[in-house]
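[1] build me a structure from this.
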Amino acid sequence: MTIHPPSSAGGPKDPAFEHAQALRRLLHQYNHSYYVLDSPQVPDAEYDRLFRELQAIEALHPDWVTPDSPTQRVGGVALSAFAPVHHAVPMLSIRTETDTDASGAENFDARVRRELGLSPQDLPLEYVAELKFDGLAINLRYEQAVLVLAATRGDGAVGEDVTQNIRTVGQVPLRLPEDVPPVLEVRGEIYLRRDDFEALNQRQRDKGDKTFVNPRNAAAGSVRQLDPAIAAQRPLSFYAYGLGEVTPGVFAASSHYEWLQALKRWGFPVCEHTSLALGAAELSAYHRHIANLRDSLAFDIDGVVYKVNSLALQQQLGFVTREPRWAVAHKYPAQEMLTTVQAIEVQVGRTGKLTPVAKLAPVFVGGVTVTNATLHNEDEARRKDVRVGDTVIVRRAGDVIPEVVAVLPDKRQPGSPIFTMPSLCPVCASLAVREPGEADHRCSGGLFCAAQRKQAILHFAQRRAMDIEGLGDKLVDQLVDQEVVKVLPDLYRLGLTALAALDRMAEKSAQNVLSALEKSKSTTLPRFLFGLGIRHVGEATARELARQFGSLDAIMAASPEQLLQVPDIGPVVAQSIRTFFDQAHNREVIEQLRACGVHWPEGVSIHPVLSPLAGKTFVLTGTLTALSRDQAKLKLESAGAKVVGSVSKKTDYVVAGQEAGSKLDKARELGVPVLDEAGFEALLSQLAADQPAGTT
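    Now for the predicted structure:
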């Protein structure tokens, strides 16, 4: 690479000169990764910062500028795997307005008016305002209305022939109406919708392949696949926004907007958010409007683009170096930035979910200063291989929680330990459990864990559980935040004075809550079980547990094998129940609740393990004279059997009453044992006689 000697102001070792050389090398490296390898090493904002730094040095020392400086080029170089395409009209990039607020539009308008020699009294200029898509620029060449060539931007002068891959993009017309110019080059953006990007990455994960960092990276990688069949599997989209070479004199247009309308008529997709704007005020309004829409768009953008609408004025303004004077990109605050991971902490949510969180060196991204980024779960943290001390790309878009999207492994310190989830809850030291097939670890100390305190109280107090009227979100927030209630039994130790002292709690309201608490002490075993908040134990499961075991002590002592005998309880639910009651914290809270007077009528166990009908499947058909259908079903379920509505090879017995129909025929066809009403009553009588003393 040829370097001009430094000016007389500095010698060969001038630090600014050496810094400029280093910036050029670094930017060339980043350009190669971004444009050629489709694997960006740094966020756009970091690249832009370094680029502006080099521009500033070269502005102070024009004789240091080299012909191959990144400031003198548009982008990358063509891949050798693709045939080179020389653009008839160079594909130039456009200047970026550094101010991300309304002043960016005002600066551009003022600069254009100044270069056109307009005074403040002259009428405002008309512009076209467009979205700045985050994809891959493409040039489509049509000859005699047929697509003959599609090329990437490349270095602006020479791109890559990707025609076969672009033919797979459904939004790119292969043939145009006959009234188009004989030669028509249409320029636009190949991009991936966000939902298509997520689906593509999921397919990559399912295959065990590397995922893409962002939609732009994925779109570029898809366009530059050597195998068009692979490109065809990628759900690419396209928007048209400009022109290259066009046969003159065939279509008369005086403005850029007229051309866009013509492209739309000829079958090209033009973004519906493209708009005309009069003067700086309307440009600023457009910038604000799109900022509000940005997060709801189906695709990524990093700003908007303003173009002078008049083609005559565009020609008058001309170009400077690598950029047209008549257009500018007005960006939004960067959504991705570089920072370092200072620590990885594990946070416990209201429901007991453990989430690893990267503690970051503060960085301004997405319009706010970010110090934390979620790593979601252990698998995600391992997949991205995030470690303490790493340099990472952090992303924040709109109200989305900031997340680490990629690590720069070449900047990693040697010996950095791999992250692992703790085996105990970092808040209460209860066992941290990851169930089969689940991505998340969860704290098993739900009744004791301080992180879950509010959620545990609200669940316990809800109408379908202990039904403590008046104990809502706002009151629970105060009770917990002021440490009046630390564990569930503290609810039953509340006094009138402490309650009445809380915000918006008059003495009458406090007394109502105390009355509701007193009333809730008398409950049922299913309600109490449900109120404990055991994972996977809903109201129906709580009822089955109470019916099968009869008492809380029997449930707490049940083995996983015994729990599996309860209808609709599988291995995951059985283990969840066992893990909950194995925590000493949880058992202590239950004993304290009992000591506070919480009680319920307890029955006796039906011992589903001992029942000869446990796990058997019955079908009832016809009319029974001694029992209703519901009564018969209840007796069978109480004995551990399962009652279903249709007969199959898995059916153990069919009970046939009077006027039994097709189900009886099906049973006989399959050889399923059939009991008439007398046989059914004999079975129930024998079952009752076989029960051990003290059971039902």
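[2] roughly how far is the least confident helix or strand in the chain by mean pLDDT from the heart of the chain?
    Lowest by mean pLDDT, DSSP states H and E among the helices and strands of the chain is helix 228-232, with a mean of 75. Taking C-alpha atoms, centre = their mean, to the nearest Å, one finds the center of helix 228-232 at 27 Å from the center of the full chain.
[3] where does the chain dip in pLDDT?
    The chain contains residues with pLDDT under 70 at 1-13, 32, 34-38, 68, 72-80, 397-400, 604-611, 638, 640, 688-696.
[4] hmm, try it at 50
    1-11, 608-609, 692-696 (pLDDT under 50).
[5] the closest residue to Ser559 other than its chain neighbours - how many residues pack around it?
    Nearest residue to Ser559 in three dimensions, chain neighbours excluded: Arg578, at 7.5 Å (C-beta to C-beta, 6 or more residues apart in numbering). No exception for glycine: its C-beta is placed from N, CA and C like everyone else's. Arg578 has 15 neighbours, counted by other C-beta atoms under 10 Å.
[6] isn't Gln565 right up against Gly615?
    Yes. Using C-beta atoms under 8 Å, Gln565 is in contact with Gly615, at 6.7 Å.
[7] of the two, who's got more company?
    Gln565 (19 against 15).
[8] so the more buried one sits in a strand?
    No. Gln565 is assigned coil when assessed by DSSP: H, G, I helix; E, B strand; the rest coil, not a strand.
[9] for Val128, what is the enclosing helix or strand?
    strand 126-133 (DSSP states H and E).
[10] in its sheet, what does that strand sit against?
    Note on strand 126-133: by DSSP bridges, its sheet partners are strand 275-278 (antiparallel), strand 301-308 (antiparallel).
[11] ok, now which ones touch Tyr142?
    148, 176, 180, 183-186 (C-beta atoms under 8 Å, 6 or more residues apart in numbering).
[12] mind listing what's buried along the least confident helix or strand of the chain?
    Buried positions in helix 228-232, judged by neighbour count with 16 or more other C-beta atoms under 10 Å: 231-232.
[13] quick check: next helix or strand after it?
    Assigned by DSSP H and E, the successor of helix 228-232 is strand 236-246.
[14] helices of the stretch 351-500 of the chain, start to end?
    Per DSSP state H, counting those that start in this stretch, the stretch 351-500 of the chain carries helices over the ranges 378-384, 453-461, 473-481, 496-500.
[15] packing partners for the third one?
    Meaning helix 473-481. helix 453-461 (3 or more C-beta pairs under 8 Å, 6 or more residues apart in numbering; DSSP states H and E).
[16] likewise for the shortest one?
    For helix 496-500, the elements it packs on are helix 507-520, judged by 3+ C-beta pairs under 8 Å, 6+ apart.
[17] relative to helix 473-481, how tilted is the helix it packs on?
    Following axes from the mean of the first three to the mean of the last three C-alpha atoms, to 10 degrees, one obtains 80 degrees for the angle between helix 507-520 and helix 473-481.
[18] now helix 507-520: buried residues?
    Those buried within helix 507-520 under the rule 16+ other C-beta under 10 Å are 510, 513-514, 516-517, 520.
[19] helices and strands around the helix or strand that that helix is followed by, which ones?
    The C-terminal neighbour of helix 507-520 among helices and strands, as given by DSSP H and E, is helix 525-531. Packing contacts for helix 525-531, counted by 3+ C-beta pairs under 8 Å, 6+ apart, involve helix 453-461, helix 539-549, helix 552-557.
[20] show me what contacts Lys663?
    Lys663 sits in contact with 619, 621, 646-647, 654, 656, where contact means C-beta under 8 Å, 6+ apart.
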